[in-house]
Each structure stands twice: as structure tokens, then as C-alpha cells.
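Visitor: When you get a sec, could you give me coordinates for this:
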Amino acid sequence: MKIGEFAVQNNVTAKMLRHYDEIGLLKPSAIDAETGYRSYDPSQSHLLNWIVILKNLDFSLTEIKELINGPVDSSIIVHQLIRKRIEISSLLNEHIQKKIAIDRLITIIEKEGFDMDKKIDLLHIEQSAAHEIKKNIPNMEMFLEAAAGITASCSSDDSLSVFRFDISHFKQVNDDYGFEVGDNVIASCYQIIEANVRAGLTQAAIGRADGDEFIVFAIANHQAITRVAQSIVDDMIAFDFNSIGCPKQMGCYIGALVGSVRSIAEIRKVIEDSIETINEARKEGPNSIAIESYKL
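Guide: Now for the predicted structure:
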């Protein structure tokens, strides 16, 4: 089958096939010695299909070549797909944070106009934005994927931290002021956490653990996680909750564990163990922090 026919049959271009030949990714079945025309066997469509699938999943051509040129082992393919899924989930987590910030900027500029000399406060939210922020907070599945990506990228010497954030007496907010105010409080607390985590930690994943609880996983030692946790508490104390419809000044509890993990299973266990740590913070009252070391 001539290169043009093979390209049309597989919905690719002849130029692409020539490039794949040049880099040794997909060689033609035969090349005419006089004309240099490439020919392909119909059975090669299966291999080309895999190349196209992996390329569309953001595998580089070098990665694809390594996968298909070596012994085809299902476990290796699955491992590489899981790694790629972690990378994509980590990027998705970051993009969600950026989307939330962009939505906030659009709302502010539409309402107040653009002024380069004016300081922008991304923590102040309108009711219309609270639901969108809450909806876009990464769930536990996305959080775990991002956390696994962080774990895969760190060295054996890196300290990894998990901290759990809980809003004090949050149920009372819903009971006394309604769910819309509750949404405002959740969105505001998330933004306080997100702002401090991004400012104080180089690699971190943030997610919603359950209800009014948030979870953070980061490359951070005891000193770094203490600094960020205290910064979050300080911002909670300074934040004007009345400005978002909540007459009650809200507080929080933070429980953190610092050590080292190397797998999703270990991350899940540390997240579970962080419940006990935050319970220690609760014993001290609102705006308390408990940080402990752990060994699996």
C-alpha cells in the first residue's frame, strides 16, 4: 500500500508518516530502491493506531518509541499510563486554581473596571462567585492524583506533609444564616488556604476532604508547614466574615503530619491519621494548630 493510501486509510498525513520513518517510530514495510517511495502493510495500521492514541494522551514521540520498540509488556504500559494520568491530574489541579482566580478577576473588573494602580483583593467574593468557587474545589480523587504526582517528583530526602483544615462551628453557620452564607464561608476559607499554600510552598495539592474540611499535601518540612499553617490562622483571624454575610467571626483547626510517603496507599493512610492530629488541635479551641511527625 502506497504511503498516500495508507495515510488516508488511517486519517493521518503522509508528512507525519515520513517523520515517523525518519525517527524510527514506524518504518514502512518496503522502500522502492529506485524511486524511494515508501509502502506500508495494512497490518501496520494497528501499530499506527497505538501511536496516535498515545500521542493524543500527551506522550512524547520519544516515550512512545520506547514503549512500542521494546518488549510489549502490559504492566509497563499500565504503569506509564498511570504516570501520565498523575501528570495530567496535577496540571488539572493547578489549572483549576488559575481558573478560579481568573473568574474572580473577571468579576472584579466587570464590576469595578480595570485600574492598574488599584490593589486587587481576590479573597473578597460576591455571592454569585461563591458557588462557582465551591464547585471547582478539587475533590478527593483529583487531590490524590495530584498528591501522587508530587510524591513521584520528590527525592528520598524530601519531607512530605499532610495537613487537614477544619472550620470551627461551621454547622452553626448553615443553621443560623443559611446555606448561601455557608457557601461564602467555604469559598473564602478555601481562598485563604490556597493563597497561603501557593505563597509558602513550592509543590502542593489542595482538595476538599469532606464538608467543611480541606486537605493539603506538600513537599514541606516541619518548619515550612508550621509557617504556612500559622499564616492561614492569621488570615482567618484578620478576615472580615461579616463582609460575606456571616456575622459570626469564623475560626479553624489545623492538624498536620510531617514525614515521608511513597505511594497512594501511604498517602491515604496519612490522610486518615491526620484526623487524630486535628482532634488534638480541637482540644485547644479555635485557631489552634497541632503538628506531629509520623513514620509508616
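
Visitor: Tell me which stretches of the stretch 51-200 of the chain form strands.
Guide: Assigned by DSSP state E, counting those that start in this stretch, the strands in the stretch 51-200 of the chain fall at 160-167.

Visitor: Tell me where the model's unsure across it.
Guide: 70-72, 86, 89-90, 93-94, 96-97, 100-101, 104, 118-133, 135 (pLDDT under 70).

Visitor: can we see that at 90?
Guide: For the stretch 51-200 of the chain, applying pLDDT under 90 flags the ranges 56-60, 62-159, 169, 171-172, 174-184, 187-188, 191, 198.

Visitor: can you pull the buried residues of the helix or strand containing residue 19?
Guide: Per DSSP states H and E, residue 19 falls inside helix 14-22. By neighbour count on 16 or more other C-beta atoms under 10 Å, the buried set for helix 14-22 is 16, 17, 20, 21. (Glycine included, C-beta is placed from N, CA and C.)

Visitor: how close does residue 240 sit to residue 53?
Guide: Distance, residue 240 to residue 53, by C-beta to C-beta, to the nearest Å: 52 Å.

Visitor: Could you list the domains of this structure?
Guide: 3-72, 79-293 (automatic domain parsing).

Visitor: Could I get the full set of helices for the protein?
Guide: Per DSSP state H, the chain carries helices over the ranges 3-9, 14-22, 45-56, 61-69, 74-112, 127-136, 140-153, 170-177, 179-200, 222-238, 264-283.

Visitor: okay, these in JSON lines with distance to residue 250 next?
Guide: Below are the helices of the chain laid out as JSON lines (distance: least, C-beta to C-beta, whole Å):
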{"stretch": "helix 3-9", "distance to residue 250": "62"}
{"stretch": "helix 14-22", "distance to residue 250": "57"}
{"stretch": "helix 45-56", "distance to residue 250": "45"}
{"stretch": "helix 61-69", "distance to residue 250": "47"}
{"stretch": "helix 74-112", "distance to residue 250": "20"}
{"stretch": "helix 127-136", "distance to residue 250": "14"}
{"stretch": "helix 140-153", "distance to residue 250": "23"}
{"stretch": "helix 170-177", "distance to residue 250": "7"}
{"stretch": "helix 179-200", "distance to residue 250": "6"}
{"stretch": "helix 222-238", "distance to residue 250": "7"}
{"stretch": "helix 264-283", "distance to residue 250": "15"}
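
Visitor: Which one of those lies nearest to residue 159?
Guide: Comparison of the helices of the chain against residue 159 by C-beta to C-beta identifies helix 222-238 as nearest, at 7.3 Å.

Visitor: Which secondary structure elements does that closest one sit against?
Guide: strand 160-167, helix 179-200, strand 252-259, strand 288-293 (3 or more C-beta pairs under 8 Å, 6 or more residues apart in numbering; DSSP states H and E).

Visitor: hey, which of those is tucked in deepest?
Guide: Of all the helices and strands packed on helix 222-238, strand 160-167 carries the top mean neighbour count, a mean of 26, counting by mean count of other C-beta atoms under 10 Å.

Visitor: other SSEs contacting that one?
Guide: Contacts defined by 3+ C-beta pairs under 8 Å, 6+ apart place strand 160-167 against helix 179-200, strand 213-219, helix 222-238, strand 252-259, helix 264-283.

Visitor: now with 10 Å?
Guide: The criterion is 3 or more C-beta pairs under 10 Å, 6 or more residues apart in numbering; DSSP states H and E, and the helices and strands that strand 160-167 contacts are helix 140-153, helix 179-200, strand 204-210, strand 213-219, helix 222-238, strand 252-259, helix 264-283, strand 288-293.
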